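Chemist: Using only what follows, build the 3D model:
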Amino acid sequence: MNDTPSYVSQPQVIDLPKLLADVRAGHIQVPRFQRPFIWGDERRVELLRSLRAGIPIGSLLVWRTSQARLKCFDTIAGVTIPPIDKGHTVSYLLDGHQRLTTLFAAFSTQNIPSKGGLQTTPGDDDVPTPIFFDLDQDDFVVGNPGEVWACLPLHLFLDAVALRQHFRNKEREGNISALEIDRLQEIAEGVLYAMQWCRIPIIPLSTDDVELATRTFHRVNSQGVPMTEFHMIAALTWGDEFDLRDIFEQQWGNRVLPQGWEPASEQQTLNVLKGLLGMDLARSTGDLLVRRIREKSELAGKPAELLERAMVLAATNFVHTPAAVPYQMQLTLTAIALNDLAIDQLPDVEWLRRWWGLTTAWGSFASAATHRVQAALRHLRNGLAGKREPWPELLFSSTNPSPLPNLDLRNARARYFADGYASGCGKIELLHVRGPRAIVSLFPKLGTRVGNRFLWPSEELDLLKKALDLHDHLRLAEHFVDDECLAAWDRQDTNAFIERRELLMNTFESSWFRALRPDEFIRGVV
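Modeler: Residues are numbered from 1 along each chain as shown. You can find the predicted model right below:
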C-alpha cells in the first residue's frame with residue numbers, strides 16, 4: 001500500500017478501473033460490521049446495465065482515518081485484499097458495499113470459471129456467480145455454462161488490448177465470417193467505451209472521531225437496502241476494545257453443539273443478549289440497546305453459551321433434528337430463561353417439554369408481538385425457577401386439540417408433527433437432510449392435505465405406490481396406513497384414502513396433545 005489513493009479529503013469522481021485498483025490494493029477496506037453481500041443476480045445485472053447506459057449508480061461513502069483500526073473482510077468476492085499497514089491512513093467503506101462488491105466481482109479476472117471451477121481464494125464472503133456480456137443478446141448475463149466465445153468476461157471491457165486480441169484470435173481460427181466478427185466487435189467496443197469512461201463519486205468522511213463515523217454509518221444505512229438489527233448494533237457499539245461480531249464468532253467457535261446443529265444466527269444471538277439486558281426482543285430502541293451493551297459489555301460473551309445449553313436440551317428432549325424446531329423464539333426464550341438458574345441447578349425438563357409442545361400447538365409465536373413474547377418469557381422464567389403460574393390470559397390457550405392444518409413444513413405445528421412422524425418411521429435423517437423436501441404428495445393435484453403427505457424420498461415415490469399395492473405393512477409401518485386405507489387404495493377411492501389417513505394422523509397428534517395435560521398447565525398446577 002505505497003500508492004496514494006485517488007481521493008484524499010474532498011469528494012472526487014474517479015473512473016471505474018481506478019476504483020477497482022484502489023480496492024485491490026487495499027486502499028478501500030470493507031469493515032466486518034457491514035451486512036453480508038445479499039444482492040441477487042437481477043440487481044447485479046441491472047447495476048451493470050445502468051453503467052453501460054451512463055445512468056449514475058450513486059456515490060460511495062468512505063471513512064478516512066489514521067487512528068481507528070477496524071476488523072475488515074479478508075476477501076471481497078473471493079479475492080484477497082491486502083491488510084492495512086500500521087501508520088497509514090485507510091478508507092473504510094460506510095455506504096455502497098452491495099454496489100462495490102458487485103462491480104469488483106464482475107470485473108475481476110480471478111473469478112473466471114476454469115475447468116477446475118472458480119479461481120477464488122477461500123474467504124469469509126460469498127462469491128457471486130460471474131456475469132458476462134453476451135454479444136449475441138447484446139446484454140449482460142449470469143454465467144456462461146456453454147463457454148460460448150461471444151459471451152465475454154467483463155474484465156475484457158477494461159482492457160482494450162485484450163479485447164481486440166480476443167477478436168483477432170477468433171478471426172485467425174476462420175470459423176466465423178469477418179463480417180460477423182466486425183459486427184460483434186463493434187458492440188463490444190461500445191461496451192468497452194462505456195465501462196472505461198464510467199465515473200463514480202467517492203465522498204470521504206475524514207475524521208478520527210469514531211462516534212461521528214458510526215452515527216454517519218447509522219444514518220446512511222437506515223436508507224436503501226435494509227440492514228439487520230445486528231449489523232447496525234455491531235457498528236454502533238464498535239470500539240478499539242469491543243467488537244460485538246468478533247465476540248459472537250469467538251464464543252460460537254468455543255461451543256460443542258449436538259450433531260447436526262449449527263451456531264445460531266447473529267441476530268438470534270443478539271436477541272438473547274437483549275433478553276439478558278432486560279430489553280424487549282421484538283421491539284427495542286436502538287440507542288437504549290447500544291447504551292446497555294456498552295454499560296454491561298461483559299454480558300456479550302453469554303448468549304452463545306446459553307443457546308448451546310438450549311440446543312442440547314432441545315436435541316435431547318424435544319426434537320430429533322434442528323429442522324423440526326417449531327419456533328426459533330422457543331430456543332431464544334429457553335436460552336434467556338436458563339440464565340436464571342444456578343450453575344448446578346437442572347431445569348425441569350418434563351415441564352419444559354410441555355411448554356414447548358403447548359406453545360407449538362397454540363401457535364404462541366406465530367407473531368412476534370412484543371407483549372406476547374414478554375408474557376411468554378416471564379411465564380417460562382418463573383416455570384424453570386419452580387414457580388408454576390397460570391398461563392397468561394392474553395395468550396391463546398385451549399384444552400381441545402385442533403386438526404392439523406396441513407403438512408407444509410413452513411407451519412410450526414407441521415414441523416413438530418413431522419419430527420414425531422419421522423421418529424416413528426425411521427426417517428429422521430431424511431427430514432434432517434432434506435427439510436421440507438422430505439415431505440412428498442402421493443397425489444400431486446391434492447397438494448399439502450395432511451392425508452396426502454408422506455415422509456418419503458421423492459425419487460422413490462414408485463416404491464411407496466408399490467408398497468400400497470402389495471399391502472407391504474413392514475414398509476408402510478408408522479406411515480399412518482391401516483387396512484381401511486389399503487382397502488380405499490385398492491378400489492382407487494382417493495378421497496376415502498386421504499380422509500382415513502387424516503383421521504389417523506390427527507388421532508396421533510391429539511393423543512400427544514392430551515398427554516401434555518393442557519388443563520393443568522393453563523391453571524399452573526404443579
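Chemist: how about low-confidence regions in the stretch 201-350 of the chain?
Modeler: Low-confidence segments of the stretch 201-350 of the chain, defined by pLDDT under 70: 210-211, 215, 218-228, 284.
Chemist: And the strands in it, which stretches?
Modeler: For the stretch 201-350 of the chain, no strands are identified by DSSP state E, counting those that start in this stretch.
Chemist: Pull out the buried residues from stretch 310-327.
Modeler: 310-311, 313-315, 318-327 (16 or more other C-beta atoms under 10 Å). Just so you know, the C-beta spots here come from the backbone N, C-alpha and C atoms, and that holds for glycine as well.
Chemist: Okay, and which of these map to helices?
Modeler: Cross-referencing the buried residues of stretch 310-327 against helices under DSSP state H gives 310-311, 313-315.
Chemist: got JSON lines for those, with distance to residue 138 too?
Modeler: Converted to JSON lines, these look like this (distance: C-beta to C-beta, whole Å):
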{"residue": "310", "distance to residue 138": "55"}
{"residue": "311", "distance to residue 138": "52"}
{"residue": "313", "distance to residue 138": "59"}
{"residue": "314", "distance to residue 138": "54"}
{"residue": "315", "distance to residue 138": "54"}
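Chemist: now, among those, which is nearest to residue 510?
Modeler: residue 314 (23.4 Å; C-beta to C-beta).
Chemist: and the closest one, what does it touch?
Modeler: 322, 325, 331, 334, 356 (C-beta atoms under 8 Å, 6 or more residues apart in numbering).
Chemist: ok, now how distant is it from residue 217?
Modeler: Shown here: residue 314 relative to residue 217, a distance of 36 Å by C-beta to C-beta, to the nearest Å.
Chemist: I'd say residue 181 and residue 168 touch.
Modeler: No. The criterion here is C-beta atoms under 8 Å, and residue 181 misses it with residue 168 at 9.1 Å.
Chemist: Neighbour count: those two, which is higher?
Modeler: Higher neighbour count among residue 181 and residue 168: residue 181, with 15 against 11, using other C-beta atoms under 10 Å.
Chemist: Run through the neighbouring helices and strands of whichever strand or helix holds residue 100.
Modeler: If you go by DSSP states H and E, residue 100 is part of helix 97-107. In terms of contacts (3 or more C-beta pairs under 8 Å, 6 or more residues apart in numbering; DSSP states H and E), helix 97-107 is packed against helix 16-24, helix 41-53, strand 75-76.
Chemist: How about residues contacting the second one?
Modeler: Right, helix 41-53. 16, 56-57, 98-99, 102-103, 105-106, 128-129, 131, 139-142, 154, 191, 194-195, 198.
Chemist: Now the buried members of those.
Modeler: Judged by 16+ other C-beta under 10 Å, buried ones among the contacts of helix 41-53: 16, 57, 98-99, 102-103, 105-106, 128, 131, 140-141, 154, 191, 194-195, 198.
Chemist: longest single helix anywhere in this protein?
Modeler: Every helix in the chain considered (DSSP H), the longest is helix 494-515.
Chemist: Would you mind pulling up the elements that that one packs against?
Modeler: helix 349-361, helix 412-425, helix 483-490.
Chemist: Quick check: which of those helices is buried the most?
Modeler: helix 412-425 (a mean of 21; mean count of other C-beta atoms under 10 Å).
Chemist: List the contacts of residue 370.
Modeler: Counting by C-beta under 8 Å, 6+ apart, the residues that residue 370 touches are 280-283.
Chemist: Filter the residues you listed down to the buried ones.
Modeler: 280-282.
Chemist: what would these look like in JSON lines with distance to residue 76?
Modeler: Compiled in JSON lines, these are given as follows (distance: C-beta to C-beta, whole Å):
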{"residue": "280", "distance to residue 76": "36"}
{"residue": "281", "distance to residue 76": "33"}
{"residue": "282", "distance to residue 76": "34"}
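Chemist: Which SSE is immediately downstream of the lowest-mean-pLDDT helix or strand in the chain?
Modeler: Using mean pLDDT, DSSP states H and E, strand 117-118 stands out as the lowest-scoring helix or strand of the chain, at a mean of 40. Next along the chain after strand 117-118, taking DSSP H and E as the criterion, comes strand 131-134.
Chemist: Buried residues of that following strand, list them for me.
Modeler: So strand 131-134, judged by 16+ other C-beta under 10 Å, has buried residues 131-133.
Chemist: Test my guess that residue 273 contacts residue 299.
Modeler: Yes. Taking contacts as C-beta under 8 Å, residue 273 lies within contact range of residue 299: 6.3 Å.
Chemist: Residue 92 - nearest residue in space that isn't next to it in sequence?
Modeler: residue 63 (4.5 Å; C-beta to C-beta, 6 or more residues apart in numbering).
Chemist: What is the neighbour count of the one you found?
Modeler: The number of residues near residue 63, taken as other C-beta under 10 Å, comes to 26.
Chemist: any idea how far residue 479 is from it?
Modeler: Residue 63 sits 60 Å away from residue 479, going by C-beta to C-beta.
Chemist: likewise residue 254?
Modeler: Counting by C-beta to C-beta - residue 254 and residue 479 are separated by 42 Å.
Chemist: Over to residue 519?
Modeler: For residue 519, the distance to residue 479 - C-beta to C-beta - is 32 Å.
Chemist: Among the two, which residue is more densely surrounded?
Modeler: residue 479 (20 against 12).
Chemist: for the ones in helices among the buried residues of stretch 310-327, which one is nearest residue 265?
Modeler: Out of those, the member with the shortest distance to residue 265 (by C-beta to C-beta) is residue 311, at 13.0 Å.
Chemist: list the contacts for that closest one?
Modeler: Residue 311 touches 257-258, 261, 322, 331, counting by C-beta under 8 Å, 6+ apart.
Chemist: same thing with residue 67?
Modeler: Counting by C-beta under 8 Å, 6+ apart, residue 67 makes contact with residue 208.
Chemist: where does the stretch 401-526 of the chain have low pLDDT?
Modeler: In the stretch 401-526 of the chain (pLDDT under 70), the answer is 526.
Chemist: again, only this time at 50
Modeler: For the stretch 401-526 of the chain, no stretch has pLDDT under 50.
Chemist: The stretch 1-150 of the chain too?
Modeler: Filtered on pLDDT under 50, the stretch 1-150 of the chain yields the residue ranges 1-2, 4-8, 113-124.
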